[in-house]
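Novice: below: sequence and its predicted model.
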Amino acid sequence: MHPHELELQYPLAERLPSPAELVEVAPGIRWLRMPLPFALDHIHLWLLRDCFEGREGWTLIDCGIASDEVRGLWQQIEATALEGLPLVRIICTHMHPDHLGMAAELSARHGIGLWMTLGEYAMGRILSATLPGTDGSASIEHYRRHGLTDPDKLEQMRQRGDRHFSQLVPSVPLAYRRIHADEVITIGQGHWRIVIGRGHSPEHAALYDETRQILISGDMVLPRISTNVSVHAIEPESDPVNDYLESLQRFEACAPDTLVLPSHGRPFRGLHVRLRQLREHHEARLLDTLNACRERPMSAIDLLPVLFRRKLDLHQSGFAIGEAIAHLHALYFRDQVQRHRDADGVIRFSA
């Protein structure tokens, strides 16, 4: 266990749902776990008992990727675990495949709507359609500008990037209901305020029930790992680290003893402690980045061994490059480093 985890409390201890099992974490709130084919091998979804527009059933928070394994688990859950009740609406915290992938199939099967923020819905539609600027060639040029020159790795990333998102999110519902910052959504007996976060994704929506002090945090606040904050080809001038750190401040208004239901890792208490840990983690990485830029001009590829001291697979490498650019950008937008493009066309940053 990481030392940071010792500062948190886990009310369900080591309990994890089995495949297709629903575990009650609070009255009217069920926890289920779906597999992912990556090093991060799971996502947690939440079913909230609801009566929506006169229909008794369940509101689903996030969906899992669109894979045969996940489809099979959903069919089993719908047949045996929902007390004979349907889904009545879907709320997706954000557009990443493990959250959005099954939304179109589930909404069509149950005849229900999808609720998302505008930024997340729009980006999900763009990426699922693999529009120009989001395909493998755009990513390759992005990586090349930031120092990746190995032709074999570039080709591997191009092949992976061409249809990776659309394979996991083959379609997105053609219409949606927009949710807004600080909107309060009634789900069953609970009243959930929308807390918007940026940095990990464009307009991430977490849900906070102030009365019961429960936070469905999505990927914004995780107990064990720091959520990925990356610069992508479609938004090459973004500043996701500073956006993320600013967004964390919005969760300070939640009660200190809040029960946090994250998308990855176990439910926990100690939200304010975890917010401090996340800030300290990124500030430490920014200091490492600044010190490296003081020694010599750094590209994102040069920075990888400074930020990541472990072997990375292809899936992790894309995230790592994006996160390295993000930390360099954070210093650049704080006016702590300068950037320039070398004769070889690579962007480098120096203090």
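Specialist: Cool, the structure landed.
Novice: OK, contacts around residue 268?
Specialist: Taking Cβ atoms under 8 Å, 6 or more residues apart in numbering, we find residue 268 in contact with 8-11, 223, 259-260, 262, 274. The way it works is simple: take the backbone N, C-alpha and C, and place the C-beta from them, glycine included.
Novice: one more: residue 45?
Specialist: By Cβ under 8 Å, 6+ apart, the contact set of residue 45 is 31-34, 60-64.
Novice: ok, now with 7 Å
Specialist: Contacts here follow Cβ atoms under 7 Å, 6 or more residues apart in numbering; on that basis residue 45 touches 32, 34, 60-64.
Novice: any idea which of these is closest to residue 334?
Specialist: The nearest member of the contacts of residue 45 to residue 334, counting by Cβ to Cβ, is residue 62 at 33.1 Å.
Novice: where's the closest residue to that closest one other than its chain neighbours relative to residue 170, distance?
Specialist: Counting by Cβ to Cβ, 6 or more residues apart in numbering, residue 62 lies nearest to residue 99, which is 4.4 Å off, once chain neighbours are set aside. In this view, residue 99 and residue 170 are 15 Å apart by Cβ to Cβ, to the nearest Å.
Novice: ok, now residue 89?
Specialist: Distance from residue 89 to residue 170, by Cβ to Cβ: 21 Å.
Novice: next one: residue 207
Specialist: Counting by Cβ to Cβ - residue 207 and residue 170 are separated by 26 Å.
Novice: now do residue 276
Specialist: From residue 276 to residue 170 the distance is 40 Å (Cβ to Cβ).
Novice: kindly report the same for residue 78.
Specialist: Distance from residue 78 to residue 170, by Cβ to Cβ: 20 Å.
Novice: neighbour-wise, which of those two wins?
Specialist: Shown here are residue 78 and residue 170; by other Cβ atoms under 10 Å, residue 78 has more neighbours (17 against 14).
Novice: mind listing what's buried in the host helix or strand of that one?
Specialist: Here residue 78 sits within helix 68-80, counting by DSSP states H and E. For helix 68-80, the neighbour count (16 or more other Cβ atoms under 10 Å) marks 70-71, 73-74, 77-78 as buried.
Novice: okay if I get these as JSON lines plus pLDDT?
Specialist: Converted to JSON lines, the buried residues of helix 68-80 look like this (pLDDT from 0 to 100):
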{"residue": "70", "pLDDT": "98"}
{"residue": "71", "pLDDT": "98"}
{"residue": "73", "pLDDT": "98"}
{"residue": "74", "pLDDT": "98"}
{"residue": "77", "pLDDT": "98"}
{"residue": "78", "pLDDT": "97"}
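Novice: closest to residue 343 out of those?
Specialist: Nearest member of these to residue 343, counting by Cβ to Cβ, is residue 70, at 48.0 Å.
Novice: ok, that closest one - contacts?
Specialist: Shown in contact with residue 70 (Cβ under 7 Å, 6+ apart): 34-35, 64, 102.
Novice: can you redo those residues as a markdown table with pLDDT, secondary structure and distance to residue 345?
Specialist: Formatted as a markdown table, the contacts of residue 70 follow (pLDDT from 0 to 100; DSSP: H, G, I helix; E, B strand; the rest coil; distance: Cβ to Cβ, whole Å):
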| residue | pLDDT | secondary structure | distance to residue 345 |
| --- | --- | --- | --- |
| 34 | 98 | strand | 41 |
| 35 | 97 | strand | 41 |
| 64 | 98 | coil | 40 |
| 102 | 98 | coil | 41 |
